[in-house]
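Asker: coords please:
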Amino acid sequence: MTWFKVDDSFYDHPKVFDLPDSAVALWIRAGCWSARNLTDGFVPARMPARLCDDPDTAVKALVDSGLWRRSKGGYQFHDWADYQPTREEVERGRKAAAERQRRRRARMRQQINEEPVTDMSRRDSRVNHNGSHGGSSRPPTRPVPTRPDPTRPSSGSVDRHLPPVDAREDDDDQDLDRLNEHIEDRIVELLRETTGRTVDRGHAAKVRRLILDGRDIRNPLGYVTSAIRGEPTRFLPPADPHGEAGAQVIAAVRTADWDTAAQIAHKRAAEIRARLARRKPNP
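Answerer: From the prediction side, this is the model:
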């Protein structure tokens, strides 16, 4: 995905303020189309009719205002490269992002078959009470476009943020799913080992997201292991406030076994009354 950048003062710039609505709509839509298709601001002659309901008026207004100029086979945005990422820059950014994704997937494949603790780096083992670690851990950032003004003279230097491309290969998604499943199995195992309680896969997935989401972790398996071993009870589900008897009543009610539910409830009430009676002081 690429960005088409529009300054927040665009709407009331002298060149824009008196434009007909059709021209403003065409400028925005054509800009988005060009950014998506990497045409470097070129708009084919056939496109205006597809993007607004009064193309003749809109095109004339954009050309007369200097926001567009006529070009062979269509129209060209004024100074596109000064305010928007060019095709070359986008493709270069995508290539770099793809290489980062490739290296990340390679690390994931390697970790699937690795022991989570023995090879864990010291950096990943330092976990504090907030679930973060001593190394550089930062939430993922979504690239935010700069604030261009298509009518402002170029300063010769424009900061362009290029968003990363999404990984589209099915096998990459499968690798990530396998790693997540492996981590969740390890979470179930660790919580059983350290607390004696067995959690289901759904809770293990919540723990995985709690520990890992928003962090760029070199060794996620080792990081999760260290976090749970350091504070295992923090990652347990809330205890059942009803206790074992309450759980039995709920189970009986769900199956419409009213007699069993009533018997368990009466028994539980009797136990509570007896306990309270033992607490009363002698007269």
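
Asker: What's the first helix or strand after the helix or strand hosting residue 209?
Answerer: Using DSSP states H and E, residue 209 sits within helix 201-212. The C-terminal neighbour of helix 201-212 among helices and strands, as given by DSSP H and E, is helix 220-230.

Asker: Which positions within that next one qualify as buried?
Answerer: 220, 221, 222, 223, 224, 225, 226, 227, 228 (16 or more other Cβ atoms under 10 Å). Glycine gets a C-beta too; all of them are placed from N, C-alpha and C.

Asker: The second one reaches residue 186, doesn't it?
Answerer: Spelled out, that is residue 221. Yes: if you go by Cβ atoms under 8 Å, residue 221 and residue 186 touch, sitting 6.4 Å apart.

Asker: helices or strands next to the helix holding residue 209 in the packing?
Answerer: helix 170-195, helix 220-230 (3 or more Cβ pairs under 8 Å, 6 or more residues apart in numbering; DSSP states H and E).

Asker: Reformat those into TSV and put mean pLDDT next to each item.
Answerer: Putting the helices and strands packed on helix 201-212 into TSV (pLDDT from 0 to 100) gives the following:
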stretch	mean pLDDT
helix 170-195	83
helix 220-230	89
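
Asker: which of the ones you listed is buried the deepest?
Answerer: helix 220-230 (a mean of 22; mean count of other Cβ atoms under 10 Å).

Asker: what's the angle from that helix to helix 201-212?
Answerer: Angle of helix 220-230 versus helix 201-212, following axes from the mean of the first three to the mean of the last three Cα atoms, to 10 degrees, is 100 degrees.

Asker: now the angle between helix 170-195 and helix 220-230, please.
Answerer: Going by the same axes, to 10 degrees, helix 220-230 makes 20 degrees with helix 170-195.

Asker: for helix 220-230, packing partners?
Answerer: Using 3+ Cβ pairs under 8 Å, 6+ apart, helix 220-230 sits against helix 122-125, helix 170-195, helix 201-212.

Asker: neighbouring contacts of the helix or strand where residue 69 lies?
Answerer: Assigned by DSSP H and E, residue 69 belongs to strand 68-71. For strand 68-71, the external contacting residues (Cβ atoms under 8 Å, 6 or more residues apart in numbering) are 27, 42, 43, 59, 62, 63, 75, 76, 77, 78.

Asker: Would you format those residues as a markdown table with pLDDT included?
Answerer: Below are the contacts of strand 68-71 laid out as a markdown table (pLDDT from 0 to 100):
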| residue | pLDDT |
| --- | --- |
| 27 | 96 |
| 42 | 97 |
| 43 | 97 |
| 59 | 97 |
| 62 | 96 |
| 63 | 96 |
| 75 | 97 |
| 76 | 97 |
| 77 | 96 |
| 78 | 93 |
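
Asker: how about residue 7, phi and psi?
Answerer: phi -70, psi 150 (degrees, to the nearest 10).

Asker: what about the helices and strands packed on helix 201-212, which gets the closest to residue 260?
Answerer: helix 170-195 (29.9 Å; Cβ to Cβ).

Asker: for that closest one, packing partners?
Answerer: helix 87-112, helix 201-212, helix 220-230.

Asker: And the next helix or strand past the strand holding residue 69?
Answerer: Strand 68-71 is succeeded, C-terminally, by strand 74-77 (DSSP H and E).
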